[in-house]
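> Here is a sequence with its predicted model. Questions after.
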Amino acid sequence: MTRIVLSMAVLLIVLSVAGCRYIEPEPEMAVPIVLPESYTHLPGPAPDSSASRNIQNAAPGDWWHQFNNAELSDLIETGLSSSYNLKALKARADQAWAAIKGEKSGTRPTLDYSLEAERIHTRSKTKGNSAQTDHGHDYTASLGAGYTLDLWGKNSAGIKAQQLEYEAACQDLGDAALALTCDIADTWVDILSVRKRMAVLERQIEANRMNLKLQELRFINGNASALDVSQQREALAQVLSALPLLEKNEKQLVNALNVFLGRTVGTPVTLSTEILPDSFFAPQPGIPSDLLENRADIRAARLRLDAAVQDVEAAKADMMPDVTLSASAVFSSGTLDLLFQNWVMTLGAALAGPLIDGGERKAEIERTRAVVREVVNEYAGIVAGAMCEVEDTLVAIDRQNAYIRQLEQQLTAVRVTMQDARVQYLNGQSSYLNYLAAWASLESLERQIISEKASYVKERIALYRVTGWQGAYLTQTFFKQPQDPKNAGVE
């Protein structure tokens with residue numbers, strides 16, 4: 001027995017030396033992207049310094065509390081607890097957690113048992129045509145134990161890959177949770193915007209109806225022409241035609257909000273807020289390298305890259321032979337009370353590995369290395385896309401704010417123009433059409449400014465999403481995860 005063990009030890013040493021070229025660690029794959037030191041479009045100073053102080057004192061992750069609106073907070077927390085998408089991603093993370101346990105089972109000894117019982121009947125004929133019948137019992141029990149040594153790190157690489165996949169699934173959950181909070185806030189802002197535009201439109205409709213009555217009265221008194229009355233009817237019809245589109249938009253937004261909240265479409269949504277928020281402060285973007293730590297989708301991509309590298313290590317270890325230790329005990333007897341008195345025990349060790357496989361294992365190594373190259377470029381693409389999103393959002397916030405200021409200046413000028421046109425019309429110095437044109441421009445600008453202010457609020461909300469504001473915190477807060485994945489399956 002000692003000679004056998006010594007021979008196997010020598011053989012393992014020889015195989016280890018021969019297999020070094022397969023089991024040596026893979027060189028680190030360089031990511032084909034260089035991050036700049038800063039963003040091209042840097043944000044300007046915060047418009048509200050008090051809001052800046054508030055965000056520094058805010059609870060981690062609860063960015064929506066910057067609105068100081070209990071209604072929005074309730075909607076977001078409802079969505080985080082009821083969203084179908086988040087529940088599906090949570091189930092996917094649970095699958096990855098179970099996969100870790102399954103992978104770890106391969107590193108532990110196995111113990112199998114079997115129990116058998118037979119009843120044997122024998123009939124034989126003797127001379128004189130007499131028959132003799134005998135019967136007996138046969139009882140068998142066995143135990144078999146086995147353990148495969150992880151000499152080349154195949155099992156450990158598989159476990160690490162599954163742990164990384166689990167952590168990536170958790171990052172997916174955090175990223176989706178952050179995106180959901182922003183989607184709910186965006187939809188809430190859109191609903192407020194539509195309802196405010198509808199209120200302004202209804203006021204404008206009423207004003208146009210009053211103008212129509214005045215023009216009809218002026219026509220009766222000979223102070224206005226039939227053309228003036230017709231033009232006013234056209235102006236009223238124009239503002240009336242805008243109402244159905246706003247009503248359609250509102251209903252579609254409410255339907256979308258119900259989906260985000262995990263509710264059936266058609267469920268009534270009561271919103272009491274009437275004023276668009278404009279006092280919350282968007283986060284500072286920092287520097288591009290911050291995205292590598294802050295964005296959950298980037299962290300998930302990096303974890304999947306590391307998992308792909310572990311798959312290469314497992315494929316290389318598969319080239320090496322497996323060493324399995326085994327032990328078995330067989331108990332057998334014709335009577336049950338003597339079953340465990342008659343036994344045979346066996347101890348063994350087996351060495352098994354590929355000699356000729358047609359290049360299958362080498363092809364698997366090449367495939368997994370190609371997967372690593374694919375995932376590296378996907379990771380670089382996600383990082384580049386994240387930088388683009390931040391740059392686009394910073395530009396949008398700055399230019400949208402400037403656009404609103406220009407629209408407000410335009411509105412002021414239109415009001416002056418409308419007042420002058422009204423005075424000239426009443427003095428007979430200008431046609432009613434000039435006054436109507438200024439009035440229609442004023443009405444359109446009032447509604448447009450509301451819409452553009454809503455867009456500005458949404459761009460600032462988007463900065464939370466593109467900078468990855470506390471996505472991991474959302475996962476830990478609203479979806480309690482199991483223990484540390486490194487200890488998964490160690491019960």
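Perfect, I can see it now.
> Would you tell me which strand is longest in the chain?
strand 131-149 (DSSP state E).
> Give the pairing partners of that one; include direction for each.
strand 110-125 (antiparallel), strand 322-333 (antiparallel) (DSSP bridges).
> With distance to Ala282 as extra columns, can I get those strands in TSV?
Every residue, glycine included, has its C-beta placed from N, CA and C. Putting the strands paired with strand 131-149 into TSV (distance: least, C-beta to C-beta, whole Å) gives the following:
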stretch	distance to Ala282
strand 110-125	57
strand 322-333	57
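> For Pro285, find the nearest of these.
strand 322-333 (52.0 Å; C-beta to C-beta).
> To which secondary structure element type does the closest residue to Glu202 other than its chain neighbours belong?
Using C-beta to C-beta, 6 or more residues apart in numbering and skipping the chain neighbours, the partner closest in space to Glu202 is Leu243 (7.7 Å). On the three-state scheme (DSSP: H, G, I helix; E, B strand; the rest coil), Leu243 is labelled helix.
> Leu243 contacts Ile205, correct?
Yes: taking contacts as C-beta atoms under 8 Å, Leu243 lies within contact range of Ile205: 7.3 Å.
> sorry, back to before: count the neighbours of the residue nearest to Glu202 for me.
15 (other C-beta atoms under 10 Å).
> pLDDT weak spots in this protein?
1-23, 43-61, 125-131, 279-280, 337, 339, 470-491 (pLDDT under 70).
> change it to 80
Where the chain drops to pLDDT under 80, the residues are 1-31, 41-62, 121-137, 278-283, 333-343, 469-491.
> in the longest strand of the chain, what's buried?
Tyr139, Ala141, Ser142, Thr148 (16 or more other C-beta atoms under 10 Å).
> And these, which is closest to Tyr403?
Of the buried residues of strand 131-149, the one sitting nearest to Tyr403 (C-beta to C-beta) turns out to be Thr148, at 67.4 Å.
> For that closest one, list the residues it contacts.
Gly106, Asn155, Asp322, Val323, Thr324, Leu325 (C-beta atoms under 8 Å, 6 or more residues apart in numbering).
> Next secondary structure element downstream of the longest strand of the chain?
helix 154-220 (DSSP states H and E).
> helices or strands up against that following helix?
The contact analysis (3 or more C-beta pairs under 8 Å, 6 or more residues apart in numbering; DSSP states H and E) places helix 154-220 against helix 70-82, helix 84-104, helix 226-260, helix 296-317, helix 432-466, helix 471-478.
> and that helix, how far out from the chain's middle?
18 Å (C-alpha atoms, centre = their mean, to the nearest Å).
> Tell me, how many residues neighbour Pro27?
7.
> Apologies, that question was intended for Leu164.
23.
> To Pro285, which of the helices and strands packed on helix 154-220 lies closest?
helix 432-466 (6.9 Å).
> just how off-centre is the closest one within its chain?
On C-alpha atoms, centre = their mean, the centre of helix 432-466 falls 33 Å from the chain's centre.
> and the strands paired with strand 131-149, which is most packed in?
strand 322-333 (a mean of 16; mean count of other C-beta atoms under 10 Å).
> What angle do helix 154-220 and it make with each other?
Counting by axes from the mean of the first three to the mean of the last three C-alpha atoms, to 10 degrees, strand 322-333 lies at 110 degrees to helix 154-220.
> Send me strand 322-333 as CSV with only the CA atoms.
C-alpha atoms of strand 322-333 as CSV (Å, rounded to 0.1, in the frame of the first residue of the first chain):
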residue,chain,number,x,y,z
ASP,A,322,-8.7,14.1,-11.6
VAL,A,323,-7.6,12.3,-8.4
THR,A,324,-10.5,10.6,-6.6
LEU,A,325,-10.4,8.9,-3.2
SER,A,326,-13.1,6.4,-2.5
ALA,A,327,-14.2,4.1,0.3
SER,A,328,-17.0,1.5,0.3
ALA,A,329,-18.5,-1.0,2.8
VAL,A,330,-20.8,-3.8,1.7
PHE,A,331,-22.8,-5.8,4.2
SER,A,332,-24.5,-9.0,3.1
SER,A,333,-26.2,-11.9,4.8
